[in-house]
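In: quick one, fold the following:
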Amino acid sequence: MRLLATLVMGITVALPLAASADSPGASPPSLNGKAMTADRNGAVHVAECRRIAKQIIHFENVKAMAQDRSDAGWEAATQQHIAQLEGRWNDRCYDGVDEWQVAFNNLLKTAAEAAIRYFTWRGF
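Out: Numbering: from 1, shown residues only. Okay, here's the model as predicted:
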């Protein structure tokens, strides 16, 4: 779940916003073809997606605290709230897995491993 929350934050921060502000005929920013939530003035609410992502991260930590204290009711209620937040985020901010982002992450991982081997003379 923390990986999902980290992915949520990464995608939310990386959204392009400049195109909608400069050109009058431009469509609002989108992710995988799904337009972000816009108000009646056409402003995109990336801040709302960022807020939801932060809440998911917070409640993951609360769930871990409930597990540490062995409180099953608290843990179940927190998990239900996390599921509700993830559903809201999926509806408003995200539409599936971005294959380009996954490929780019794999490329970065491979490059980092190669750099570590090169700069440490295969020490790692």
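
In: tell me how the chain divides into domains.
Out: Segmentation of the chain into domains, based on automatic domain parsing, reads 2-93, 96-124.

In: weakest of those domains by average pLDDT?
Out: Looking at the domains of the chain, the lowest mean pLDDT belongs to domain 2-93 (a mean of 72).

In: quick one, strands of this structure?
Out: 30-31, 34-35 (DSSP state E).

In: wait, Ile56 sits on Ile82?
Out: Yes. With contacts counted by CB atoms under 8 Å, Ile56 reaches Ile82, the gap being 6.2 Å. For glycine as for every other residue, the C-beta is placed from the backbone atoms N, C-alpha and C.

In: longest helix in the chain, please.
Out: helix 46-68 (DSSP state H).

In: that helix packs against which elements?
Out: Helices and strands touching helix 46-68, by 3 or more CB pairs under 8 Å, 6 or more residues apart in numbering; DSSP states H and E, are helix 2-13, helix 72-92.

In: angle of the longest one against helix 46-68?
Out: Angle between the axes of helix 72-92 and helix 46-68 is 160 degrees (criterion: axes from the mean of the first three to the mean of the last three CA atoms, to 10 degrees).

In: got the buried residues for helix 72-92?
Out: Glu75, Thr78, Ile82, Leu85, Glu86, Trp89 (16 or more other CB atoms under 10 Å).

In: now tabulate those residues in a markdown table and tack on distance to Glu113.
Out: Compiled in a markdown table, the buried residues of helix 72-92 are given as follows (distance: CB to CB, whole Å):
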| residue | distance to Glu113 |
| --- | --- |
| Glu75 | 37 |
| Thr78 | 36 |
| Ile82 | 33 |
| Leu85 | 34 |
| Glu86 | 31 |
| Trp89 | 31 |
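
In: tell me the one of the residues you listed nearest Glu48?
Out: Closest approach between the buried residues of helix 72-92 and Glu48, by CB to CB: Trp89, at 9.4 Å.
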